[in-house]
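Trainee: Structure for the following, please:
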Amino acid sequence: GWRHRDWYLDPAHVPELFDAYGNIGPTIWWNGRIVGGWGQRPDGEIATELFTTKGLDREAGKAVTAEAARLAAFFGDIRIRPSFRTPLERRLAA
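Mentor: Numbers count the residues shown, from 1 in each chain. Now for the predicted structure:
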């Protein structure tokens, strides 16, 4: 993974989003920055977590909710499980 991420990701969130090998998990972006992540639960629900609400408005929250619903519909009965699971994705998928 690329080490100089400060311009799009708060360094405090790196341990949650990256595995031990530097692979990044599923992320939520808003205005050019990573603001959270997502994971798919066994029932197909797309669970999301925002790391911050700073710089996020009502439109952002609606967009995240709508996109999670769109992804759940897109995957339908298919369940995804990344080969390299990150701490955040594991927690959200549980």
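
Trainee: tell me which residues in the strand ranked longest in the chain are buried?
Mentor: What stands out as the longest strand in the chain, according to DSSP state E, is strand 33-40. Buried positions in strand 33-40, judged by neighbour count with 16 or more other C-beta atoms under 10 Å: 33-40. The way it works is simple: take the backbone N, C-alpha and C, and place the C-beta from them, glycine included.

Trainee: Pick the one among the residues you listed closest to Ala73.
Mentor: Distance to Ala73 across these (C-beta to C-beta) is lowest for Gln40, with 12.3 Å.

Trainee: Before we move on, what's the pLDDT of that closest one?
Mentor: With respect to pLDDT, Gln40 scores 97.

Trainee: partner residues bridging it?
Mentor: The partner list for Gln40 in beta bridges (DSSP bridges) reads Ile46.

Trainee: tell me the residue furthest from the middle of this protein?
Mentor: Residue farthest from the centre of the chain, counting by C-alpha atoms, centre = their mean, is Asp77 at 20.2 Å.

Trainee: SS state for that residue?
Mentor: Secondary structure, DSSP: H, G, I helix; E, B strand; the rest coil: Asp77 is coil.

Trainee: ok, how many other residues are close to the closest residue in space to it that isn't next to it in sequence?
Mentor: By the measure of C-beta to C-beta, 6 or more residues apart in numbering, the closest residue to Asp77 outside its immediate chain neighbours is Gly44, 7.2 Å from it. By other C-beta atoms under 10 Å, the residues close to Gly44 number 15.
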